[in-house]
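# Sequence and predicted model, in that order:
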Amino acid sequence: MIAFLLRRLALGVMTIWLISVLSFVIIQLPPGDFVDAYIAQLASSGSSVSAEEAQAMRLQYGLGQPFYVQYGKWISRVVVGDFGESMEWRRPVTQVIGDRLWLTLLLSLGALIVTWTLALPIGIYSAVRQYSVADYIFTLVGFIGIAVPNFLMALIIMYFAFKFFGASVGGLFSAEFAMAPWSWAKAWDLAKHLPLPAVILALGGTAQLIRIMRANLLDELRRPYVVTARAKGLSETRVILKYPVRAALNPFASNIAYLFPYLVSGSIIISIVLGLPTVGPLLVKSLVAQDMFLAGTIVLLLGVLTVVGTFISDLVLMWVDPRLRHQMD
Amino acid sequence: MAEPILSVRNLQTQFAAQEGVVHAVDGVDFDVFEGRTLGVVGESGCGKSVTARSILGIVESPGRVVGGQILLRPAKGGAPIDLLTLSPKAMRDIRGPEIALVFQEPMASFSQYYTIGNQITEAIRLHMGMDANAARARAIDLLDMVGVPQPSRRVDEYPFQLSGGLRQRVMIAMALACDPRVLIADEPTTALDVTTQAQILDLLRELQQKRGLAIILITHDMGVIAEMAHDVAVMYLGRAVETGPVGEIFSSPKHPYTRALLRSIPTVLAKPRTRLPTIAGSIPHPFNRPTGCPYHPRCSEIITGLCETAEPPAVGEASREVRCFLHGGRP
Ligand SMILES: Nc1ncnc2c1ncn2[C@@H]1O[C@H](COP(=O)(O)OP(=O)(O)O)[C@@H](O)[C@H]1O
Ligand SMILES: [Mg+2]
């Protein structure tokens, strides 16, 4: 089992390295570089950059060098914790990202919790009371949830919140806390702002998860071991929760890891619409500006989080699935 | 003979499907006695498993028991109680301490997520009010009793760690966890190899002698009936077409279907490499129940003009009944 975990760990490190190379390649794929993008941006606002200036900038960032040299320089600094400087913001990348990474994580975690607390009980109910009125209603609502893009949902909710409550639902902080240093008051302010975006972000996934849970459980409810449990005289609730639900939950342990990137990419559009300070909008901007070090760092950090998530998910799966545990030994 | 411990009277269980109603059990009658084994035999699909689940009140939807009586004589004596009239809560107290079930597929009938100890002790704790330690000790004793080696180690293992034969022993231990008076074994040996099959049947017989268990042994195998049963109920399309003591069923079978079943047992006297006779025709689709006697389309002794239209009633005394116009009951 230890050997297996070590293997997974090594594989995780390999994956992160691959992600770093790929992200670097992809960021370089569009024609031109940061300086071209910078010149174009200045030109659109009427000013210009001389050829010498441009040359100096390219030299400063090492943009003229071959790809592998640029990558080598970057990654050798990254491994000692120096993520370089954002070209666009002219500040260290870590400063630019600031709290955004943790806020992204928090939002995704919030969405995950909302997804599970809504989807699992509803999925169980729909399966146990298959074809009941409630099951049909959940199915209908679920399909709407899958079909409506979540940014549209965000816009609709914003509109109604503004129209009926006069409330502005954007952002994760009230104006007075946005720039303030961390304090209990600021954390409480965040806690008040978090639920709505988390719910919006969770809707699509919830609808999907209800379908999956319902299908899994319907499958398990027909199995002979459920009859065995009933024949023991257990109450129906106990029978269902202890046996088929337990079996139907198993796949979700492996699902944790894949949900995370899904939620992060889903959060980009919502974050733009709702003005949330997550890494999503920053990533989009840095890609447009070809701000290599910033974009590279964000992609790399998300990659690391996903790999860590996969690892945790493996551990959880091993913990909950006795068959898997015994295959290991 | 003594009073039966369990009597099933005119039991009817139906499944309401979109295409129509399946009469899975359609008027079954039989009696089960303490210390004796009732063999219920019939081709696959004739309603044996549904009968077993009906007795325990665990027919899954869309199935429903729509008629009849299931009379259980209380342990303390007194008038029999009809299980179909019990509340769901009272019925749960029957499952395990009064009537228990052993299933055909020992692998699929266990959850793979809990140890066998967990799955045995939950019934003990629920019905016998024992604490975790006492229940565990009892589970180990039960495993020992059904011949599981090293029971105190095995109790913490998962079903997938056991062989098929051991799993079925554990299943029997689990069924006996709360000292039931009636054990229903639904094809308990069908999924096992021949040697293991014989061992499991031996175990059942031994347990019956020790505890005076009443056993309902469900099988499609006349060989198993010959070896195990004291009494026999032959089922065809949801109905017991012939009942009687095992000796009489084998020496003087009355119903043409019983005779056909008996012809299909291999014997040591048969010439090698000859085909076993099979029963002509196939079981009708459950939606297309034949009118009259349900067996008439396959029957070689059909009384034309009668069997197609009229249903033969049960004739004979309670311990030896047959539903066939060849033996009486003509309108
Ligand atoms: N869940 C169900 N839904 C519909 N029909 C069923 C269901 N379970 C059993 N049946 C029907 O009941 C009849 C008897 O089945 P069963 O008791 O399992 O037969 P067997 O004698 O082989 O044990 C079959 O015709 C089967 O189609
Ligand atoms: Mg069956």
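The structure has been received and is ready for your questions. Numbering: from 1, shown residues only, chains lettered A, B, ... in the order given. Ligands and ions are numbered 1, 2, ... in the order given.
# Identify the residues contacting the residue of chain A found nearest ligand 1.
Across chain A, no residue is closer to ligand 1 than A:R222, which sits at 8.2 Å (C-beta to the nearest ligand atom). All C-beta spots, glycine's among them, are computed from the backbone N, C-alpha and C. Residues counted as contacts of A:R222 (C-beta atoms under 8 Å, 6 or more residues apart in numbering or on different chains) are B:E60.
# Now it. Its backbone dihedrals?
Main-chain dihedrals, A:R222, degrees, to the nearest 10: phi -90, psi 0.
# Over to the spatially most central residue of chain B. Which of the three states is it?
The centroid of chain B falls nearest to B:I218 when counting by C-alpha atoms, centre = their mean (3.3 Å). Of the three states, B:I218 takes strand under DSSP: H, G, I helix; E, B strand; the rest coil.
# Show me the shaky parts of the chain.
All of this refers to chain A. Within chain A, the segments meeting pLDDT under 70 span A:166-168, A:257, A:329.
# wrong one, chain B
Where chain B drops to pLDDT under 70, the residues are B:1, B:266-278.
# what's the spacing between whichever residue of it sits closest to chain A and B:P180?
Here chain B gets closest to chain A at one residue, B:R95, 3.6 Å apart by C-beta to the nearest C-beta. Distance of B:R95 to B:P180, computed by C-beta to C-beta, to the nearest Å: 9 Å.
# So for the two, which sits in the more crowded spot?
For B:R95 versus B:P180, the count of surrounding residues by other C-beta atoms under 10 Å in any protein chain shown is larger for B:R95: 24 against 21.
# Make sure I have this right: B:R330 is in a strand.
No. Assigned with three-state DSSP, B:R330 falls outside any strand and is coil.
# What separation is there between it and B:P313?
Distance of B:R330 to B:P313, given as C-beta to C-beta: 10 Å.
# Ok, B:E206 next?
Distance, B:E206 to B:P313, by C-beta to C-beta: 39 Å.
# Then A:T104?
Taking C-beta to C-beta, one finds A:T104 at 77 Å from B:P313.
# still on that earlier bit, what residues are shared contacts of B:R330 and B:P313?
With C-beta under 8 Å, 6+ apart as the test, B:R330 and B:P313 reach no residue in common.
# ok, back up a step: you'd agree the residue nearest to the centre of chain B is up against B:V50?
No. At 10.6 Å, B:I218 does not count as touching B:V50 under the criterion of C-beta atoms under 8 Å.
# so when I look at B:L183, I'm seeing a helix, right?
No. Going by three-state DSSP, the assignment for B:L183 is strand, not a helix.
# What residues does it make contact with?
Here B:L183 is in contact with B:I99, B:A100, B:L101, B:V102, B:A175, B:L176, B:L204, B:L207, B:L213, B:A214, B:I215, B:I216 (criterion: C-beta under 8 Å, 6+ apart).
# where does chain A come near chain B, residue by residue?
Counting by C-beta under 8 Å from any C-beta of the partner chain, the residues of chain A lying close to chain B are A:222-225, A:227-235, A:242-243, A:246-247, A:250, A:320-323, A:326.
# now with 6 Å?
With C-beta under 6 Å from any C-beta of the partner chain as the criterion, chain A meets chain B at residues A:P224, A:Y225, A:T228, A:R230, A:A231, A:K232, A:G233, A:Y243, A:R246, A:P322, A:R323.
# Quick check: the third one touching B:S111?
Meaning A:T228. No. Applying C-beta atoms under 6 Å as the test, A:T228 and B:S111 come out as separate, 8.0 Å apart.
# Look at the two and report which has more neighbours.
Per other C-beta under 10 Å, whichever of A:T228 and B:S111 has more neighbours is A:T228, with 26 against 23.
# Torsion angles phi and psi at the more buried one?
Taking degrees, to the nearest 10, you get phi -50, psi -50 for the backbone angles of A:T228.
# Equivalent analysis for A:I156, please.
In terms of degrees, to the nearest 10, the main-chain angles of A:I156 are phi -60, psi -50.
# now A:L103
The phi/psi pair for A:L103 (degrees, to the nearest 10) reads phi -70, psi -40.
# I figured it hits A:T278, correct?
Yes. Between A:L103 and A:T278 there is a contact under C-beta under 6 Å: 5.5 Å.
# More neighbours: which of those two?
Neighbour count, other C-beta under 10 Å: between A:L103 and A:T278, A:T278 has more, with 26 against 20.
# Could I get the full set of strands for chain B?
Per DSSP state E, chain B carries strands over the ranges B:6-17, B:20-32, B:37-41, B:63-72, B:81-82, B:99-102, B:182-186, B:214-219, B:231-236, B:239-245, B:321-322.
# Which neighbours in the sheet does the fifth one have, and how are they oriented?
When pairing is defined by DSSP bridges, strand B:81-82 lines up against strand B:63-72 (antiparallel).
# buried sites along the strand it pairs with?
The neighbour-count check on strand B:63-72 (16 or more other C-beta atoms under 10 Å in any protein chain shown) flags B:G63, B:V65, B:G68, B:I70, B:L71, B:L72 as buried.
# I'd assumed B:V8 was in contact with the fifth one.
No. No contact is recorded between B:L71 and B:V8 when judged using C-beta under 6 Å, the distance being 7.8 Å.
# backbone phi and psi for residue 213, please?
The chain I'm using is chain A. For A:M213, the backbone dihedrals are phi -60, psi -40 (criterion: degrees, to the nearest 10).
# try again with chain B
Dihedral angles for B:L213 - degrees, to the nearest 10 - are phi -60, psi 140.
# What's the local residue count around it?
B:L213 has 22 neighbours, counted by other C-beta under 10 Å.
# so who does it touch?
B:L183 (C-beta atoms under 6 Å, 6 or more residues apart in numbering or on different chains).
# what about it, distance to B:A233?
For B:L213 relative to B:A233 (C-beta to C-beta), the value is 18 Å.
# Likewise for B:P312?
16 Å.
# In terms of neighbours, single out the busier of those two.
B:A233 (29 against 25).
# Helices of the stretch 51-200 of chain B, residue ranges please.
B:88-94, B:116-128, B:132-145, B:151-154, B:164-175, B:194-211 (DSSP state H, counting those that start in this stretch).
# give me the beta-bridge partners of the residue nearest to the centre of chain B?
Going by DSSP bridges, B:I218 is paired in beta bridges with B:V40, B:D186.
# Hmm, B:P188 and it touching each other?
No. Taking contacts as C-beta under 6 Å, B:I218 lies outside contact range of B:P188: 8.3 Å.
# backbone phi and psi for the residue in the stretch 101-250 of chain A positioned nearest to chain B, please?
For the stretch 101-250 of chain A, the nearest residue to chain B under the criterion C-beta to the nearest C-beta is A:G233, separated by 3.6 Å. Note on A:G233: its backbone torsions stand at phi 90, psi 10 [degrees, to the nearest 10].
# OK, contacts around the residue lying closest to it once chain neighbours are set aside?
Nearest non-adjacent residue to A:G233, counting by C-beta to C-beta, 6 or more residues apart in numbering or on different chains: B:R95, 3.6 Å away. By C-beta under 6 Å, 6+ apart, B:R95 lies in contact with A:A231, A:G233, B:L56.
# Tabulate those (a markdown table), appending distance to ligand 1.
Shown next, in a markdown table, are the contacts of B:R95 (distance: C-beta to the nearest ligand atom, whole Å):
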| residue | distance to ligand 1 |
| --- | --- |
| A:A231 | 15 |
| A:G233 | 21 |
| B:L56 | 13 |
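# would TSV of those residues with neighbour count be doable?
As requested, these are arranged in TSV below (neighbours: other C-beta atoms under 10 Å in any protein chain shown):
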residue	neighbour count
A:A231	26
A:G233	26
B:L56	23
